[in-house]
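> My questions concern the predicted model and sequence given below.
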Amino acid sequence: MGTLLVARHGETTWNRDGRIQGWAPSRLTEQGQTQATALGTWLGERYGIDRVFASDLRRTRETAAAVGDGYGGLPDPEFDTDWRERGFGVVQGLYAEELLDEFPDHDRDASVISLDAAPEGGEGIPTFRGRVESAWDRAITATDAGETTLVVTHGGVIKVLLAKLTDSDPDAALAEDSQPNCAVNEIRLGGDEPELVGEELTGWRALLD
């Protein structure tokens, strides 16, 4: 029986300020670095990680490196564009309120990730979901019985995966708020279907006290 651990990246200034990151090369804040290092220590106390997959964006690269510092002996990450956040093209960098002015039909209470439009140079929801599910299938195939794979990715990606794992309405899932930075989800492999056994785990926060 294998295990997949799916973690969101650490805090960035754009997270903190409410800007749409998409594929921007935003960097972790000092707090984000601290979160990721604590996550690595927490993971090292509980799991033997055999491989790491990560989005190739700067904030996930920096998170994977800081997790490795905390973990000690973490395998080198394999970076993959399919684990990226949804691309937002020309609206990348806007504040959420500015995007709502651009797309007034979008529900103001729903996450911008659920925008039912493809901004110029960006991705529509079907394209976004398709590449995430492709990366997910590859991660499952790569994880043999008894192995543990860590994926470092983004809030929107995690929404897609959780909807798939729990057979939830994918549109409703995208509209929800993202999980906290560095939250982890544990998925057990080996049965008829992958099983979500731990959702939005943040036990590493105790290491920050």
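Noted; the coordinates are in hand. Nothing here was measured: the structure is a model prediction, and the numbers come from that model.
> Any idea how far stretch 120-133 is from the middle of the chain?
Per CA atoms, centre = their mean, to the nearest Å, the displacement of stretch 120-133 from the mean C-alpha position of its chain is 15 Å.
> no wait, stretch 127-143
Relative to where its chain is centred, stretch 127-143 has its mean C-alpha point 13 Å off (CA atoms, centre = their mean).
> Check which residues of it are buried.
For stretch 127-143, the buried set under the neighbour-count rule, 16 or more other CB atoms under 10 Å, comprises Phe128, Arg129, Arg131, Val132, Ala135, Trp136, Ala139, Thr143. In short, each C-beta sits where N, CA and C put it, glycine included.
> ok, the closest residue in space to Trp136 that isn't next to it in sequence to Asp109 distance?
Closest residue in space to Trp136, ignoring its immediate chain neighbours: Leu161 at 6.0 Å, by CB to CB, 6 or more residues apart in numbering. The span separating Leu161 from Asp109 equals 23 Å under the rule CB to CB, to the nearest Å.
> Which residue of the two possesses the greater neighbour count?
In this comparison of Leu161 against Asp109, neighbours counted by other CB atoms under 10 Å, the higher total goes to Leu161 at 24 against 6.
> Is the more buried one in contact with Val6, as I believe?
Yes - between Leu161 and Val6 a contact is recorded at 6.2 Å, counting by CB atoms under 8 Å.
> Now list whatever residues contact both of those two.
Taking CB atoms under 8 Å, 6 or more residues apart in numbering as the contact rule, Leu161 and Val6 both touch Asn185.
> give me phi/psi at the residue sitting nearest the centre point of the chain?
Among the residues of the chain, the smallest C-alpha distance to the mean C-alpha position (CA atoms, centre = their mean) belongs to His154, namely 2.4 Å. Main-chain torsions, His154, degrees, to the nearest 10: phi -130, psi 160.
> any idea how far Val152 is from the residue nearest to it when sequence neighbours are not counted?
Nearest residue to His154 in three dimensions, chain neighbours excluded: Glu85, at 3.8 Å (CB to CB, 6+ apart). Here Glu85 is placed at a distance of 12 Å from Val152 (CB to CB).
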